[in-house]
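S.K.: Sharing a sequence plus its predicted fold:
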Amino acid sequence: MSTAAAPRYYCDAAEHFIGTRATEADPVYAGSRGAPGAVDGPRRKARFHGPRALTEGGASLLFVADTGNGAVRSIDTRAGVVNTALTLADICTIAHVHEFAPSGLACDGEWLVIADTRNHVVWRYDLRSYRLAVLAGCPGTPGDIDGEGQQARFWLPVAVALADDGRGFVVSEARGRRHVSRSGDVRTLGR
């Protein structure tokens, strides 16, 4: 399984910031150590709450699973600005759910794919049209079933990465790993 995580950046969920592996003395790139919140703006004034995962979304764009805030945030690394990309309000426009817990992200340049632990579903966010849709699973319905799109069921998906073949995604969940094709076909990988 290849990783989609940005190698120069990492999430510190306990301290609520995005760090950098650069040689700077202060590893905080965005947010503020030990200061949770939900604030957009200049990267050092922005606030996160328990960020769990990040992925590159292009040459100067990072996406962050800001799990504690129930949001996906974006960081423009050229401009040094943090914005909110998706929240529970966006999810509620297409599914009747009460929480949004993004915990894993992967980006293939066209889609941002989001593992939503609490809703047992994998979302896809089209980066060109800004449209959100269910890629696989049925929001709010846990299970362990392979199948197409919303016929498939996940049990607490926590991470997602680009598949080695580049034609899909690998989702890690409480009960193992599953391959999800771009069409939403879900198949269990060897256990």
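M.R.: Everything's here; your move.

S.K.: what's the helix or strand of the chain with the lowest mean pLDDT packed up against?
M.R.: Least confident helix or strand of the chain, by mean pLDDT, DSSP states H and E, is strand 168-173 with a mean of 91. Strand 168-173 sits against strand 102-107, strand 111-116, strand 157-162, strand 176-181, with contacts defined as 3 or more C-beta pairs under 8 Å, 6 or more residues apart in numbering; DSSP states H and E. C-beta: built from backbone N, CA, C; applies to glycine.

S.K.: Can you mark which positions in stretch 148-164 are buried?
M.R.: Within stretch 148-164, the residues that count as buried by 16 or more other C-beta atoms under 10 Å are 149-150, 152-163.

S.K.: Can you read off the pLDDT for the residue sitting furthest away from the middle of the chain?
M.R.: Computed with C-alpha atoms, centre = their mean, the residue of the chain farthest from its C-alpha average is Ala25, at 28.1 Å. According to the prediction, Ala25 has pLDDT 78.

S.K.: Now it: which helix or strand?
M.R.: Under the criterion DSSP states H and E, no helix or strand holds Ala25.

S.K.: Out of the helices and strands packed on strand 168-173, flag the one nearest Ala85.
M.R.: Counting by C-beta to C-beta, Ala85 lies closest to strand 111-116 out of the helices and strands packed on strand 168-173; the figure is 7.8 Å.

S.K.: Counting by contacts, list what the helix or strand following that closest one packs against.
M.R.: Downstream of strand 111-116, the next assigned helix or strand under DSSP H and E is strand 121-126. Under the contact criterion of 3+ C-beta pairs under 8 Å, 6+ apart, strand 121-126 touches strand 111-116, strand 132-136, strand 157-162.

S.K.: ok, residues contacting strand 121-126?
M.R.: Here strand 121-126 makes contact (C-beta atoms under 8 Å, 6 or more residues apart in numbering) with 72, 85-86, 91, 95, 110-116, 131-140, 154, 157, 160, 169, 171, 180.

S.K.: still on that earlier bit, give me the distance between the least confident helix or strand of the chain and the centre of its chain.
M.R.: 12 Å (C-alpha atoms, centre = their mean, to the nearest Å).
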